[in-house]
Structure formats: C-alpha cells, structure tokens
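Asks: Sequence and predicted structure below; questions after.
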Amino acid sequence: MNTSETAVTTEAAHDDHDHPSDAKYIQIALLLGIITAAEVATYFVDIGVALIPVLMIMMVVKFFYVASWFMHLRFDSPLFTKFFVAGLILATTVYLVFLTVFEFWSKG
Amino acid sequence: MTDTAVETTRPIGVYTRPKGGGGWRDWVTTVDHKKIGILYGATALVFFVVGGCEALLIRLQLATPNGTILGADTYNQVFTMHGVTMIFLAAMPLAAAFGNYLIPLQIGARDVAFPRLNALSFWVFLAGAIFLNLSWVLGGAPDGGWFGYAPNSGIIYSPSVGMDFYAIGLQITGIASLVSAINLTVTILNMRAPGMTLFKMPVFTWMMLVVQLLLVFAMPVIAVALFLLIFSRQFGANFFNTEMGADPLLWQHLFWIFGHPEVYILILPSFGIISEVIPTFSRKPIFGYEFMVFSGIAIGFMGWGVWAHHMFASGIGPLSVAAFSLSTMFIAVPTGVKILNWLATMWGGKIKFTAAMLFAVGVISMFTIGGLSGVTHAMSPADTQQTDTYYVVAHFHYVIFGGIIFGLFSGFYFWWPKVFGHMLSEKLGKINFWVMLVGFNMTFGPMHTLGLQGMSRRIDTYSPGFGFELWNMVASIGSFIIATSVLIFVINVIVSAVKAKGQPHCGPDPWDARSLEWMTPNPTPEHNFDEVPVVESLDEFWHRKYGTDEEGRIVRVATAEEVCQDGSATGVHLPSPSYWPLVFSAGLPLVGLGLIFSLWLTIPGGIMMVGSLFAWVFEPVDDPDGPHGHHDDSEETATEEAPVV
Amino acid sequence: MLTKGTKFWLALCLAAMVAAAFAGYTTGGDETGPLTLGWKGAVGNHIVYGTLMMMSAATGLLAMLASAFRDADADAVAQLLETEDAPDAQIKTGPSVWPVIGAAGFAVMMLGLVLHPAVFVAGLLIVVAMGIEWTMTNWSEKLTGDPVRNREMRENLLRPIEIPLLSLVGIGVLVLAVSRILLASSVNGAVIVATVVGVGIFALAFFVSTRPTLPRALLQGVLALGFVAIIVGGIVAAANGEREFHQKGGTSNDTLVETDH
Amino acid sequence: MSEAATTEHPTNTGISHNKLAMWVFLGSECLLFGALISTYLLYRNEFHTGPAPGDIFDIPFTSVSSFVLLMSSLTMVLALSALKRGDIRNNRLWLLTTALLGALFIGGQVYEFTSFVREGLGFTTSPFSSAFFTLTGFHGIHVSLGIVMLMSLLISSLRGNLKEKNSETVEIVGLYWHFVDVVWIFIFTVIYLVPNPTS
C-alpha cells in the first residue's frame, strides 16, 4: 500500500473520463428492473424450498450492480470499496452472530 | 465585494466569515485544530473533576456501613453519572484533545481535512455534555447505570426524566464522536506530508486511526440502541416490553456490540501516547514497530468479536458463552504483544525517568494487573462468580484508570511544552505520579478482595458484620489520595504557568524527541509548519538530528535548533473561522429538551440546526476582507465542504 | 435598524412573557408548564397567566407592525437616518410579492374558519411567513443606498432558512397529496395510481431529455400544471375521505400501556 | 513560501476529502441499518395480539414503490452524467425527476403507514410494529433528507451555481442516494418478500 499510494495521486485525478455512457446506465437499470420483476414474481409463483436462496441471490446481484455501476465502485479508487466492504462485512458478521445468539434461525 | 458581484453566478446567502479579533471571539469561532484540541482538553478536564467529585461522593457514602451521605435514589444518580461522565465526557474527549492537537502535527499537515466540522465536533460534544448535566436540575440525573440495561432504563423502573437525558445526551455526544472520527480518518489517510507512507506514521497516529475506524463503525450501533430507548420511553414503543414478547437482552447486545469496541476506543489513544513517550525516554526506537501497529489493528478488529463476555450471566446459552469465552482469551494476545514490545523498548535503553515516563511505566504495570484480572473474567465459570461484584469494579478501574488516565497524564507531561511553550514542573510531576499511584492502588486494589468476599456493585449501602468495613474504609481513603494527586496536577499547571510568565519559551526540543510534531517551535505557531517537511523515515525528526559515523555508531549530526523550523513563515493560507458550528450545536440541546419537555422547543432548535447547515454550505471559503481572501477556483473546490455532511 | 417604537414594544413583549412565566410558577404552575404554554405541565393561575401571555403576544405583534410599517412614518424614517426631517425622495423599493401572498394567507385563514382547523393553520403559517419576509425585506431596504447590495444582504440572512423550508414544504405538499389520493383509492387502485404517476414522471422526463429544443415556458407550464393537478387531486381525495379499512390480524385491542410522563 | 502554501494541496490517496468522507460515512451507515434490520428480524414473530407481517404487507403496492426508488437511482446517475458532459439542462431535469420519484416513494410510504394504522397496526401495538415502523421510518427519513439535498442542488443550479466543475458535489449526493436505494433493495427482499408469518 505504501509505495503504490503516491503513484495513485496522478492517475486517480483523471478517472472521470472512462465512465460508462448513459445507454449503459439504462441497460443496467433495465436489468435491475427485470430482476425486481422476477423477485416480485416469486410472491405469486410458488417455487418451494428454492425461494429464499433465489431471493437472496437476486438481492445480492441487484446490490452489486447498483454499488459497482451507479456508485462507480468499479472505476473509482479501491479505497472506497475497502471502506464500504469493511462496513458491509463487519455489519453482516456481527449481526449474524447477534441473531445466532438469539437463536433466530431455529425460531424461523 | 459589491463591485465584484456582477458575475453571472450570484452567490446565495453568502455570509461574511468572522474575523476573530482576539479574546473569546477567537475561541468560539475558531477552526484551528490546535485551539480545538485545547478546548477539548480543558472541557474534558473540567468534567474529569466533576466525575471525580461524584466518585468521592460514592466513596464517602460507602466508607462506613449504613452510610447516610446520599440517599439510595441520589446514589443511583451519582454512580450513573460518574460512569457516564468519566467515559463519555472525560476519557473520550481527552483522547480527542490529543488526537486533534497532535495528528495534523505528526503527519505534517496544516490542519485537519474539515476544519469547520472539527469545530462542530467540539461544540456538539460540549452541547451534549451540558445537556447531560442539566438533568441534575431538571428533574433528576440518569439513574439506570451508565450501561442503561433494559428494562431498568424503562419508564416503569426509572420514571424520572433522567434516562431520557441519558439517551438523548449520549446521542448528541455520539454525533460529535462520529463527525470527528470521519474527519480524522480522512485527515490521516489524505493529508500526510510527502513521503510519509502509512508505515512511517508515528504509533500514536496509527492508534488514533484505529480508534477513529472503531468509532465510525461502533457509534451507529449505540445510536440505534439509544433510539430504541428513546422511542420506548417517549412514544411507548415495545422494544423492551416483555409482556408483549420483546427480549430485553436486545439492549444488552446492542449496547455491548458498541461497548466493547468502546473499551478499545478508550484505551488505544493511551497506548499510542505511551508508545511515543517510552522510546523517547528510553533513547531507543520503538521495538517492533510493525508488531505494535498490527497488534493495534488486531485489537481493533477482534474487539468486535467479544461483546457477549459482558453478558455471561444473562443466560445467553452455553454455546455462546463458550465461543465468547474463547474469543476473549484470544484478544489478550495482541495486548500482550504490546506490553512485551514496550518492555523490550525499555530493555537496555538509557532510561530517563521523567514524570511522563513514570506515568507511562505506570500504564504498563497497572494495565497488566487489570489485564490479568480481565483474563479471569474470560473464564466464564469464574466470571459467573464475579459478575456484579466489586471484583469487576476493581478490574475495569485498573484498565480504565491505570491504563487510560495514567496514559493521558503521561501525555500531559510530555506534550505540555509543545502546546503551551513551557514545561510543567518535573518535581511536582513526580510527586503527582507517586501520590496517584499510591492512591490508585489503595482505592481499587482492595476492591478485588471486597468483590471476592461477595460485596455487590451498585449497592448504596451495606450492613456491618460482613467483613466489608476495613477495605471499604481503605478504598475511601485511597480515593481522597487520588483527589490530592489531581490537585497536585492542577497546582503544577498553575505554578508552572505563573513561573513561565515573562520568561522566554522553552527550547524547541526539550525531550530530544523523535516525531514530526517537534519540528515546529514551541508553542506551535498558528500555521504549524513553515514548510511541510519531506519525510524519509519513521522517527523523521530524530533521524534529522542523528546519523552514524564511519564505525556505525550513532552520533549527533545536527542540533535541534538547526532541524526545527522557527515558525517565521508569513502569509500562510489558513481556513477562516466560522460561526456556524457553534450555532448548529446550540440547536441540538434545544431539540433534546423539546423531546423531553415540550415539542415546541424543537422548532427553534430545528431551525437553528437546518439554517446553520445551509449557511455553512453557502459560506464563502474565506473572509472576503481578510488578507488572504483572494484565490482561484480550483482551490475553492478543494476546500469547500459538501452540503451533505 | 429598529425604531424606538419597535424597541419599546419588544421590551414590553419580553417583560410580559417573563412576568407570565413568573406568575405561572408562583401560582402553582409546575416546572415546565409556564414555559411551554402548558404542554406537559400546568401553567398555574390561568387567568393571570393567560392575560400576561396575551399582552406579550399583542405587544410582539405591535413591535412587528411598527417595524414593518415604519416607511409610512416620516418621523421613524428620520429617526433611522438620524436627521431632523424625513427625506423627500425615498429610496426606490423593488417589487414585492408579499402583499399578495399575505392577502391570500388571510383569505385561507378565513376559509379555514369555515372549513377545517388545518386550513386555518395553513393560512396562519402563510401570514406569519409573510410577516417575517416583509419585515426582513423592509429592514434590508434601509441598509444602504445600493439596492443590489440591499437585496444581497436580505438573501444572506434568509436563504439558508428559505431554501430548506421551501423544499420541505414543496415536498411535503406533494407527499401529502399523493398519499391522500392513494388512501382514497381501492387497494388495487392505489397500485395503479402509483404506477401511473411513477411511469408518467419517468416517461415525461425521458421525453423532455431527448427534446432539447422544447421551449422553457412550455416545460414550466407543464410542471406547474402537474403540480396543481396532484394538489387538486389530493384535496379532492382528502375531501372524499379514505377508503374503508378492515382490522387485520388477531384481536386488535387498544389496551396499550400509557407511557407518557 | 507563501505562494507554495496556497497552491492546491494534492492528497495522499488522490481522492478528494469530501468523497472519502462520504464513503467512510456510508460504511458507518451499514452498521446503523444492520442494527435496525436485525432488530426487526428478531421481532418479526412478536406481533402479540396485533396483525402479523404476513397479514398486513401489501406486496403489489410495495413492489411499485420499490420500482420507483430503483428507477430514481437511474435518474440520479443520469443527472451526474449530464453535468459531467456540461449539459446543465438535463442535469436539472434529472435532478428534479429524481426528487419527484423520491417524493412519490415517500408519498407511498405515508400511504402504507396510514393504511397499516387503519388496519390496526399502531407504533405501540407489538414489538413487531415498533420495529417495523422504526426501520422503515429511518429509511424514509434518509430518503427525505436526500430529497432536500437534491432540491438544494436544483435551486443552486437554477441560480447558476452548479457547473461542470461542481460535478463532484452531485456525485457525493448521488452516492448517498444510491446507498439509500441499496438499503431498500435489502429491506424489500428481506422484510417484504421472504415469506412472512401470519397470525
């Protein structure tokens, strides 16, 4: 980290130019819309035990697309990703342990 | 300025920025990290004394059986406020004082990343502190313990407004901590002098970085817990209402998910301070710098996985107890690494026992005692026996007082010349240390015995005949000895200041120190560095003073006067002061009082806050009439703050 | 900036308020009652307290009036300028919307007396806003001889309040109107309304974005029309009342623990 | 010397202070919403004698408002993209659209809350209801704050103060807006769509 930092100074300044076009954003929004529609569809169509895993996967995909494209994590400094992911992982782990201690999973 | 306003872009709501003009106006509008650091320190010391007086009241009440100094109700209020005051209004802001003053200096910066937000942090903290203490006269102080366990903190068991003040007051100080944490994180990551990579930062700055990250992630958790409490008390929410199936353990979990990182938020600044003091007075570089840093990070990281060890007796189930018992034992490892590294730094060094060094050594020894009694808590069967007894009180005072307060005093003696330009009396300082050491051990040592004898915590009195009389009396006497030592410190401050009046400032490098902050003259000039130094190594300042001769021996190559800057630079561009942090902060307690007493009060409070936020955003970057008001656009965007924070 | 008259009335207002609080405490009001107009507490002797508070309110209003209308008072103007007589030619003042808005506010207040207390309060708020704006404009126009500078000073002081308040009020009105419409529709109707409004906003925005030559006035017109349509819809829906809701779930009882203190 | 001090200060990371601060803040917000969501999950079965989540949620309506919020993320990113191109007109248009869509979402939330209360789910009805209103209320307040920021940007733009060089300010507000959207993506799935207990 220490040596790369000074190098970043120059290149991060002009990262704005390779941002995607509006068309790309619209494509992603379409994709997000379709996934949301699929999510909503699970409410009406019974897919049995696969329901929760499928919902979770779709949620994570949506989350990932918004964070990486709309929030520019793909193109921006990795430091941002680090902070966000640190918060996410910390929150997920701590609160999963928290729910486990409350025996949430066996309660359903 | 009217002539230039013919541009196409009309500024909205441009306020002129205050010009200071000396005296108190300088202080209330300042955005200088050094002044804010001093404000933090002075305020925190006042609250340290307030919390100390509360402790003395507790000890007076408990000195003899069937004490009658305080009633049961008052006793509850006093011990609750003692804990709240010492942790949130004394220890945390004292760490913030050191952090504010020293971090920019140690990394070679002119100020923090967001100077106005920095001022905001202080004023919000002060507003919260005053708000909390207003409860004494507005219907009774909080009485549910600093941990505020549900359902004790609920309206049924604590019907006075005290716990409302607790919940809202801590929420306010929490805002201050969060803002300050974001600010200092950005400062450390973004504003280091050229060449200062992360692994050339002083250990103190490193530890403060870990602390800020802990704050960033821990404050929202307590914020949620406090919101749940506020909603339960104010609006009848059912978060802790067992009749409806709620689980009061929810509070304990949220509180300690925050609370355990908080323990490290409190102790790591002190570890950082003594990591600067010990190498300086051992005349050796810190032993195992990387290990120091990584163990600090490890402590910060592992601090998130041990919270339930505060709850072994709450019935969280055998599996949870076993898991948290294990993780708690593991966290002793990085702490042990630190202690060994300090010892190794001292080993073979030419140790100079100045007052600062004595306090630092005090930390190592006293904290170790506290750490060892902590390991006995990690073993859950033993802990079940010790829970809610004075053994626990003894343990955490050894780590908090022995670890934190001793460390902070070490910092006072070490950096006093840096801040005020004169030394504190070493003689009085050493007396201060020894009196404090004796008083401290006399107060808290016997509590181990009392606890193992079965004396409960938080009881307002006890009957004679249980064998508690002797050690309680000893502890009470000890507490007054501690008070004496604090008094000696105050006398030292006054006497030294009087003596220094009219005298020239002390030299630039009174301790033959190692890190960058000593490259500025004492006291630090307003602009910090005349020229931002280019850093080549850890302990840059020391390396500029010393080199090696042809036989590899370390020799002095330059005097401090040659290396230090003289503070003579003029015309350095500095951020202008601002009114708005103060106005914003003044709105917060109004909103708080409004929530408790009358919602009408939230209107002026809210208008003050929203108005000052927007005024803040529209405020010009500089005082337009000031000497350095002119500058180009590129810089405006660089220093302008986003309207979002 | 303030005439002697204004200062006199303000002082009287403050004195009456302090007196009211004092009277409240000494005649059996509890800790917070008198200060909070009786919210969460008793104010003591109601007649004494009420009279004094009325006096305070009246003198406060007089202070505002004295300041707002001081232009009409030649002596007051002279006093401000620290001259013997009022100047013949006054500084030209800019156009002002506040008389119109103020008048509308009074009308809304009157309507509210007939229709609904909420309407009255809305009118009152408009009038209060008018009072503040008018007073501040008046104050700023007396500052210097330069109208540009004067306007700037006024904006300096008011923008940080106006901008957030205006956006909050604008959004609040929209949100309220939309939610009234939804509440008045059926369960499925609400879904349809929300879809239509959402798609409408979205489609319109896309349409406008691809037609850069659309005249500005047209856009503003459409926007204003949409805004008015939603508000009118909201008012109609609110007047129609909400659809019928049925209690759901278990035996819903209202035996809640009273937790107010 | 004085000149050297007043030139632009590059940062060590090459990132502006503001943006870094926003990301640190968002990292912190993860823990805030995590705590609220966990509290809700803990209490989703504790509906006492009141309505259960499965009785009361109106999935079709919430789906529509989720769509609205999701699409407002698109318009937000279009606003930024327009400003980066120097297209002030479209920037204003998309800022306004984003704010309107946000307001529609909040309007939907007010409707949802009101109808829940009418159906017997008050704030104090059960631990479930307290947790539900607190969680979604916090999210709603975040959205509302976002709308105020958008409106401020818009007013700023109408007065000629929002130019290409200020695009970072819009980007930072956008980050906040997308984050709030991302939180709703989570809430919508975990709280609404995962099968809920009924009474």
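Replies: Now that the structure is in, tell me what you want to look at.
Asks: Is the residue nearest in space to the middle of chain D in a helix, a strand, or coil?
Replies: Closest residue to the average C-alpha location of chain D: D:Val180 at 2.8 Å, with C-alpha atoms, centre = their mean. When the structure is split into helix, strand and coil by DSSP: H, G, I helix; E, B strand; the rest coil, D:Val180 lands in helix.
Asks: what about it, distance to A:Val66?
Replies: Using C-beta to C-beta, to the nearest Å, one obtains 11 Å as the distance from D:Val180 to A:Val66. Just so you know, the C-beta spots here come from the backbone N, C-alpha and C atoms, and that holds for glycine as well.
Asks: For the stretch 501-645 of chain B, give me the ranges with low pLDDT.
Replies: With pLDDT under 70 as the threshold, the stretch 501-645 of chain B has low-confidence stretches at B:621-645.
Asks: quick one: the strands in it?
Replies: Per DSSP state E, counting those that start in this stretch, the stretch 501-645 of chain B has strands spanning B:546-548, B:554-556. These are given in chain order.
Asks: In chain A, what helix or strand scores lowest on average pLDDT?
Replies: The weakest-scoring helix or strand in chain A, judged by mean pLDDT, DSSP states H and E, is helix A:2-11 (a mean of 41).
Asks: So what's the residue count around residue 60?
Replies: No chain was given, so I picked chain A. The criterion is other C-beta atoms under 10 Å in any protein chain shown. On that basis, A:Val60 has 13 neighbouring residues.
Asks: not quite, I wanted chain B
Replies: The number of residues packed near B:Leu60 is 15, by other C-beta under 10 Å.
Asks: Okay, buried residues for stretch D:149-164 please.
Replies: Using 16 or more other C-beta atoms under 10 Å in any protein chain shown as the burial criterion, the residues of stretch D:149-164 that qualify are D:Met149, D:Leu150, D:Met151, D:Ser152, D:Leu153, D:Leu154, D:Ile155, D:Ser156, D:Ser157, D:Asn161, D:Leu162.
Asks: just the residues you listed: which has the poorest pLDDT?
Replies: Sorting those by pLDDT puts D:Asn161 at the bottom of the list (82).
Asks: wait, which of the buried residues of stretch D:149-164 is closest to chain C?
Replies: D:Met151 (3.4 Å; C-beta to the nearest C-beta).
Asks: contacting residues around the closest one?
Replies: With contacts defined as C-beta atoms under 8 Å, 6 or more residues apart in numbering or on different chains, the neighbours of D:Met151 are C:Ile163, C:Leu166, C:Ser167, C:Gly170, C:Ile171, D:Ala99.
Asks: Can I have the buried ones of those as a ChimeraX selection?
Replies: Here the buried members of the contacts of D:Met151 are turned into a ChimeraX selection, burial being counted by 16+ other C-beta under 10 Å:
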select /C:163,167,171 /D:99
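Asks: Averaged pLDDT, the helix or strand encompassing D:Trp23. What do you get?
Replies: When secondary structure is defined by DSSP states H and E, D:Trp23 falls within helix D:17-43. Helix D:17-43 shows a mean pLDDT of 96 in the predicted model.
Asks: same check, this time on stretch B:65-83
Replies: Mean pLDDT, taken over the full extent of stretch B:65-83, equals 94.
Asks: which outside residues touch that stretch?
Replies: B:51, B:54-55, B:57-58, B:60-61, B:132-133, B:136, B:140-147, B:162, B:166, B:458, B:460-465, B:468-469, B:472.
Asks: Can you turn the buried part of those into a ChimeraX selection?
Replies: With 16+ other C-beta under 10 Å as the burial test, the buried ones among those are selected in ChimeraX as follows:
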select /B:51,54,55,57,58,61,132,133,140,141,142,143,144,145,146,147,162,166,460,461,462,468,472
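Asks: Chain C next: which of the contacts of stretch B:65-83 are close?
Replies: On the criterion C-beta under 8 Å from any C-beta of the partner chain, none of the entries of the contacts of stretch B:65-83 sits beside chain C.
Asks: Sitting in helices, which of the contacts of stretch B:65-83 do you find?
Replies: B:51, B:54-55, B:57-58, B:60-61, B:132-133, B:162, B:166, B:469, B:472 (DSSP state H).
Asks: What about C:Glu244, how many residues nearby?
Replies: The tally of other residues near C:Glu244 (other C-beta under 10 Å) stands at 7.
Asks: nope, B:Ile168 is what I meant
Replies: When neighbours are counted by other C-beta under 10 Å, B:Ile168 registers 27.
Asks: so it sits right up against B:Arg233, yeah?
Replies: No: counting by C-beta atoms under 8 Å, B:Ile168 does not reach B:Arg233; the two are 9.8 Å apart.
Asks: got the residues of the stretch 51-200 of chain C near chain B?
Replies: Within the stretch 51-200 of chain C, the positions adjacent to chain B are C:146, C:148-149, C:152, C:155-161, C:163-165 by C-beta under 8 Å from any C-beta.
Asks: Quick one: buried ones out of those?
Replies: By neighbour count, with 16+ other C-beta under 10 Å, these hold C:Glu152, C:Glu155, C:Asn156, C:Leu157, C:Leu158, C:Arg159, C:Pro160, C:Ile161, C:Ile163, C:Pro164, C:Leu165 as buried.
Asks: ok, of these, which one's closest to B:Met244?
Replies: Proximity of these to B:Met244 (C-beta to C-beta) peaks at C:Pro164, which lies at 38.2 Å.
Asks: And the pLDDT at the closest one?
Replies: The predicted local distance difference test score for C:Pro164 is 86.
Asks: Repeat that for the one 3 residues further on.
Replies: C:Ser167 carries a pLDDT value of 87.
Asks: Could you do the one 5 residues further on as well?
Replies: The confidence metric pLDDT takes the value 91 at C:Gly172.
Asks: ok, and the most centrally placed residue in chain A, which helix or strand is that part of?
Replies: Within chain A, the residue whose C-alpha comes closest to the C-alpha centroid is A:Phe64; the distance, by C-alpha atoms, centre = their mean, is 2.6 Å. Under the assignment given by DSSP H and E, the secondary-structure element containing A:Phe64 is helix A:51-65.
Asks: Give the buried residues for that helix.
Replies: Within helix A:51-65, the residues that count as buried by 16+ other C-beta under 10 Å are A:Leu51, A:Leu55, A:Met58, A:Met59, A:Lys62, A:Phe63, A:Tyr65.
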